[in-house]
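A.B. asks: when you get a sec, could you give me coordinates for this:
(chains A and B)
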Amino acid sequence: MKIATFNINGIKARIEALPRWLAAATPDVVCLQEIKSVDESFPREMFEDMGYRVETHGQKGFNGVAILSRLPLEEVVRGLPGDPADEQARWIEATVMGAVPLRICGLYLPNGNPAPGPKYDYKLAWMARMEARVRALLALEEPFLCLGDYNVIPQREDAAKPDAWLEDALFLPQTRAAYRRILNLGMTEAFRARVQGPGHYSFWDYQANAWERNNGIRIDHVLLSPQAADLLRDVQIDREVRAGDKPSDHVPVWVEIAA
DNA sequence: ATGGCTAGGCTCCCTAGA
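C.D. replies: Predicted structure coming up:
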């Protein structure tokens, strides 16, 4: 089963590029971030016509996440548990009903800039809530994945110019430590389980010819529970998508799972 | 890089992104 994450930076703006990638890559499950749409405005029929079930958790203007799946989805949860007052649409969970039921968590972790400040406080609080949710899911001892736009640069090798990010919310020591706390619960980061070394990115800024200069960062990640890590067969970053017509500033990242 | 571009709001400039 091929499972992907893709921050599309607006469903309306990606109304051609997203179906183009789906047709070429044929993923079974896709977690989308930054749909920038309310549920009622999401063009679900377009994806249903391509064979996908569609579950959205949108909001007006910003954020918004969704799951597309060729297999039935059950037990959909919208919103990251732990703060009923949080109105930002950044988390959606569902169980993909294949031969092995697979819990999928699609996430759009807060950017957090500028740091320090209230936006950074929100990022760290959100990461603490995610840690609690992952801890609860791990207790079930079942295969599950948390994939999405983490807005975390894990290590220096994950940025073309790491020194430019030292004061940024994506790369501050506190951010990286909070991310490691989630990994240290027992989660496996799929890409680094398979690929070593620098030069692998998932985001290139629209500004300053960042793509042409390969000035990128790797911030879109797939985390696997121990039972899901047992099933990992492949992981890829579809970097060539960034060179297509009217691209998102992120590219898809996907895993192949033996399930 | 004190923001060079992109997206969405309900706009003719603002916020937000990373």
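A.B. asks: neighbours around the nearest residue in space to residue A:225 that is not next to it in sequence, how many?
C.D. replies: Spatially, and ignoring its direct neighbours in sequence, residue A:225 is nearest to residue A:144 (4.7 Å; Cβ to Cβ, 6 or more residues apart in numbering). For the C-beta atoms, the positions are set from N, CA and C on the backbone; glycine is no exception. By the other Cβ atoms under 10 Å criterion, the neighbourhood of residue A:144 contains 22 residues.
A.B. asks: now swap in residue A:56 and tell me
C.D. replies: When counting by other Cβ under 10 Å, one arrives at 23 neighbours for residue A:56.
A.B. asks: what of residue A:94?
C.D. replies: Under the criterion other Cβ under 10 Å, the count of neighbours that residue A:94 has is 23.
A.B. asks: does it belong to a helix, a strand or coil?
C.D. replies: Three states are possible here, and by DSSP: H, G, I helix; E, B strand; the rest coil the one that applies to residue A:94 is strand.
A.B. asks: who's it bridged to?
C.D. replies: Using DSSP bridges, the beta-bridge partners of residue A:94 come out as residue A:104.
A.B. asks: just checking, it touches residue A:78?
C.D. replies: No: Residue A:94 lies out of contact with residue A:78 (Cβ atoms under 8 Å); the separation is 9.6 Å.
A.B. asks: got a list of what the residue of the stretch 101-250 of chain A found nearest DNA strand B touches?
C.D. replies: Of all residues in the stretch 101-250 of chain A, residue A:208 sits closest to DNA strand B, with a separation of 3.1 Å (Cβ to the nearest atom of the strand). With contacts defined as Cβ atoms under 8 Å, 6 or more residues apart in numbering, the neighbours of residue A:208 are residue A:215.
A.B. asks: tell me if it really is in a helix.
C.D. replies: No: residue state for residue A:208 (three-state DSSP) corresponds to coil; a helix is not indicated.
A.B. asks: how much space between it and residue A:158?
C.D. replies: Residue A:208 sits 19 Å away from residue A:158, taking Cβ to Cβ, to the nearest Å as the criterion.
A.B. asks: on that earlier part again, dihedrals phi and psi, the residue nearest to residue A:225?
C.D. replies: Reported as degrees, to the nearest 10, the phi and psi values for residue A:144 are phi -150, psi 160.
A.B. asks: right, is whichever helix or strand residue A:19 is part of up against DNA strand B?
C.D. replies: Following DSSP states H and E, the helix or strand that holds residue A:19 is helix A:17-25. No: on the criterion Cβ under 7 Å from any atom of the strand, helix A:17-25 is out of touch with DNA strand B, staying 8.5 Å away.
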